[in-house]
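Asker: next input, structure requested:
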Amino acid sequence: MRILTWSEFDEAVYRLASAFEGRAFNGVYGFPRGGLPLAVALSHYLKLPLLKELEPYCLVVDDVYETGLTISQALDHKGVECAVWISKAPPTWFKAAEVVTTDEWLIFPWENPSNATTDEDAYRASR
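Answerer: Numbers count the residues shown, from 1 in each chain. Sure, this is the predicted structure:
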C-alpha cells in the first residue's frame, strides 16, 4: 500500500491547475468521495465555483483512475475536461498529475489508513 501525503496532494493540485489555467469552465465537479478534496482545491486555485453535479463545460476530477468506470461518466456531458490525481493507466482522454505502473492500493491523505484493507476489499469486490 502507498500512503499519500498532503504535500503530494498540493503538488498534484499545482500540476493540474497549471494544465487548466486560463481555460473557460463553468466550474469544477469532483466525484464523491475521492474527487471532492481535489475539486475543492482546484476550484479555489482556478477561482471557479464548486459544482454539486456534472454540467456541460466543467472540469471533472477524481482521485484515481483505475478502470475508468467512474470518470468516464463525464463523457456524456458536452465540453467537459477530465483530470485525476493518479492514473494507473496512461492517460489518453484525460489529464493526470501522476501516472503509476503498479496496482498498489493507494491511501489518500483524507482516508483512514486503518480502514485501508476493508476499503480495498470492498472496492475490488465491486469491480
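
Asker: ok now the strand or helix carrying Thr118, how far from the chain's centre?
Answerer: Following DSSP states H and E, one finds Thr118 within helix 116-126. The chain centre lies 18 Å from the centre of helix 116-126; the measure is Cα atoms, centre = their mean, to the nearest Å.

Asker: contacts for it next, please.
Answerer: With Cβ atoms under 8 Å, 6 or more residues apart in numbering as the test, helix 116-126 has contacts from 1, 105, 107, 111. C-betas here are computed from N, CA, C, even on glycine.

Asker: cutoff 7 Å now
Answerer: The contact list for helix 116-126 (Cβ atoms under 7 Å, 6 or more residues apart in numbering) reads 1, 105, 107.

Asker: so where do the helices sit in this protein?
Answerer: Remark: helices assigned in the chain by DSSP state H are 6-20, 35-46, 116-126.

Asker: deepest in the core, which of these is it.
Answerer: Of all the helices of the chain, helix 35-46 carries the top mean neighbour count, a mean of 20, counting by mean count of other Cβ atoms under 10 Å.

Asker: export that helix to CSV, keeping only CA atoms.
Answerer: C-alpha atoms of helix 35-46 as CSV (Å, rounded to 0.1, in the frame of the first residue of the first chain):
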residue,chain,number,x,y,z
GLY,A,35,-12.7,13.5,-6.1
LEU,A,36,-14.2,16.1,-3.7
PRO,A,37,-10.9,17.2,-2.0
LEU,A,38,-9.3,17.7,-5.4
ALA,A,39,-12.3,19.5,-6.7
VAL,A,40,-12.4,21.9,-3.8
ALA,A,41,-8.7,22.7,-4.0
LEU,A,42,-8.8,23.2,-7.8
SER,A,43,-11.9,25.4,-7.5
HIS,A,44,-10.0,27.7,-5.1
TYR,A,45,-6.9,27.7,-7.2
LEU,A,46,-8.6,28.3,-10.5
